[in-house]
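Q: This is a predicted model, with the sequence first.
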Amino acid sequence: MPSLLLLALLLVAAWLVARVPERAPWLGALDRALNGWLLPAAAFAAAVAVTAYVWGSLNPIAVYHDEAAYLLQAELFARWRWTLPSPVVPRAFEQAAVLVTPVLAPKMGPGHALALVPGVWLGMPALMPLLFTGAAAALLVMLARRIAGGAVALLTLILWLTASGNLVWRPTYFSETSSSVAWLGAWWCLLEWRATRRTGWLLAVAALTGWGAITRPLTFVAFAIPLGVIVLRDVVRTGAWRQFGAAVAIGTACLLVIPLQAWRVTGHPLKSPLGLYTRMYLPSDVIGFGLHAGVPERALPADIARVYEDFDKLHATHTLAALPKTFGERAAAIFNMQFGGWRWVLAPVLIVGALAGIAELSVALVTALLVMLSYLAYAHVAQWTVYYVELMPVLSFAAALGLARSMTWLSTRVRGAPLPQGAAALTAGLVLLITLQPSALEVDAYRRRIEHLTAYQREFFAAMNDRTDPRKLVFVKYGKGHKPHYSLIRNVADPATAPVITAYDLGPAVNDSVRHAFPDRSVYLLDTSTRTLQKIVFAP
């Protein structure tokens, strides 16, 4: 639907609703529905349903390297393990974002993988990201309703749920699916604590912020700055130092998981898995400006090396002089993530909402800006907007608030009085109906996008998981057409029971060493250039 037509329909809808009699009996029923339990419940269900449809499975393939590493980490935690012993031939099992020596363990912080564990136990690893998305939707409408009313909450949900950023990044195993719940949950608990001064709410703020910090450290350092200023100011004013001390203790307890993980993985509480991985494989991938010279300690397979060459190029061009351009490109990408396509017409109402003078929104916008500024210290392509998924609720609420304020202004011009809450809710419903067709088409397009992204891996994983031979060792030989961002080498959390173990094809001598470590498995060679899986029979 053309954007200008959408804008015209929105104006017509607002003008028509402005003429609804203020005492229409059904407006009260609509108002009560928006202010009861139904709205957050519906938000939860809608978010889960849309994301599940786009993803297409409760056990989908982990597409990108980091997704596969998160899933491996969750599978280890589900078996009460931090690590596995280093493979017999580590270079045959190299996997991006995963240490293969001195132990086998992903480089990530533990927060997100711990949250994925229940889904792994149930054999449905995608269940937890889906539930996190539903929880984020429910928290978002509860926050929006608390601050600006049910109509704005409904508008916020519509703008958030149908944005491209959600449709791209939420049907994944990326950590932003859980960190956004910590972000919104901490804000809700902060508002409850400020309203009631009950200790439990402040402890919940600390616990959720701590969970976020062991999930996405850089994001939550920025998040904690304005939150900490508010809490500390209130503590000084009220003298609630005992509550503050208890909250600090809870937050510290969460953060202690980081040195615990470091000790279990690297043998030293101050040497993180991430730091060890960076030194071993990608010394240039650090916070800062310009390319930091350094020689990797371990050679990478050709496919992963191709991916990491792009990292070096990014860091080389990520300089202080380029920061204004970098910030502009990233801001444009974030705007497009939320307001791309036909939604660009909402840019003016975003500004109206941002300038509305609501304290909670001002804090949220400052927090969002701090996150963007924090990530300026790290090189990444502007289109990799997954780092900013937590900002989308803020932008959605600002635009919804601006749209509601604009409708109120129009109503005042038409009827000489502000729009009643129920009528505003009706307008929100009309917005939903107007945007339903283009949104439905986009949802279907993003489902096809995931099918396209995973087609390469699904073909080969399906062949490897053929049940006619349920215990395989598969050596993977990559051809020229291999897509380096989509690896077929995946380490497993339980090598004794995994149906398939994959390793690089490194030639007969190395392959023999690997084969002898798995004497009870049938051996296959997967050649991606010929798209064949061939069983190798050895002489007795």
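A: Sure thing, it's come through.
Q: give me every residue that touches the residue nearest to I304 when sequence neighbours are not counted.
A: Sequence neighbours aside, A96 is the residue nearest to I304 in space, at 5.0 Å (criterion: Cβ to Cβ, 6 or more residues apart in numbering). Heads up, the C-betas are built off the backbone N, CA and C, glycines and all. Counting by Cβ atoms under 8 Å, 6 or more residues apart in numbering, A96 touches H65, D66, A68, A69, I304, V307, S487.
Q: confidence score at the spatially most central residue of the chain?
A: Taking Cα atoms, centre = their mean, the centroid of the chain lies closest to E176, which sits 2.4 Å from it. pLDDT recorded at E176 is 96.
Q: Also W26?
A: With respect to pLDDT, W26 has a value of 55.
Q: who's in contact with stretch 122-131?
A: 48, 51-52, 55, 57-60, 71, 74, 115-116, 118-119, 170-173, 177-178.
Q: Could you give the average pLDDT over it?
A: 95.
Q: okay, how far is it across that stretch, tip to tip?
A: Across stretch 122-131, the terminal residues are separated by 14 Å (Cα to Cα, to the nearest Å).
Q: ok, and for that stretch, which residues are buried?
A: For stretch 122-131, the neighbour count (16 or more other Cβ atoms under 10 Å) marks P125, A126, L127, M128, P129, L130, L131 as buried.
Q: And stretch 318-332, by the same measure?
A: Those buried within stretch 318-332 under the rule 16+ other Cβ under 10 Å are H318, T326, R330.
Q: What's the mean pLDDT across that stretch?
A: pLDDT averaged over stretch 318-332 gives 95.
Q: Can you tell me what sits against it?
A: F289, G290, M372, Y375, L376, Y378, A379, A382, T385, Y388.
Q: Inside strands: which ones of the residues you listed?
A: Assignment to strands by DSSP state E places none of the contacts of stretch 318-332 there.
Q: which one of these is nearest N35?
A: Ranked by distance to N35 (Cβ to Cβ), the contacts of stretch 318-332 are led by Y388 at 30.9 Å.
Q: With adjacent residues omitted, what lies nearest to the closest one?
A: Take Y388 and drop its neighbours on the chain: the residue closest to it by Cβ to Cβ, 6+ apart is I334, 5.2 Å away.
Q: Could you tell me whether the one you found really is in a helix?
A: Yes - counting by DSSP: H, G, I helix; E, B strand; the rest coil, I334 is part of a helix.
Q: So it versus L350, what's the distance?
A: Separation of I334 from L350 (Cβ to Cβ, to the nearest Å): 12 Å.
Q: got any residues that touch both of the two?
A: Joint contacts of I334 and L350 (Cβ under 8 Å, 6+ apart) are L395.
Q: Which secondary structure state does F475 sit in?
A: Assigned with three-state DSSP, F475 falls in the strand class.
Q: May I ask you to confirm that it is in contact with L525?
A: Yes - under the criterion of Cβ atoms under 8 Å, F475 makes contact with L525 at 5.1 Å.
Q: Pick out whichever of the two has more residues nearby.
A: F475 (24 against 15; other Cβ atoms under 10 Å).
Q: so who does E75 touch?
A: By Cβ under 8 Å, 6+ apart, the neighbours of E75 are V120, V492, A493, D494.
Q: State the distance from it to F460.
A: In terms of Cβ to Cβ, E75 sits 20 Å off from F460.
Q: same check, this time on F77
A: Applying Cβ to Cβ, the value for F77 to F460 is 27 Å.
Q: For stretch 363-382, C-alpha coordinates in CSV please.
A: Provided in CSV are the C-alpha atoms of stretch 363-382 (Å, rounded to 0.1, in the frame of the first residue of the first chain):
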residue,chain,number,x,y,z
VAL,A,363,14.4,8.6,30.0
ALA,A,364,13.8,5.8,27.5
LEU,A,365,15.0,8.0,24.6
VAL,A,366,18.1,9.0,26.6
THR,A,367,18.8,5.3,27.3
ALA,A,368,18.3,4.4,23.6
LEU,A,369,20.7,7.2,22.6
LEU,A,370,23.3,6.0,25.2
VAL,A,371,23.1,2.5,23.7
MET,A,372,23.7,3.9,20.2
LEU,A,373,26.7,6.0,21.5
SER,A,374,28.1,3.0,23.3
TYR,A,375,28.2,0.9,20.2
LEU,A,376,30.0,3.6,18.3
ALA,A,377,33.1,2.2,20.0
TYR,A,378,32.6,-1.1,18.1
ALA,A,379,32.8,-1.7,14.4
HIS,A,380,29.9,-3.3,12.7
VAL,A,381,28.0,-2.9,9.5
ALA,A,382,25.1,-0.5,9.8
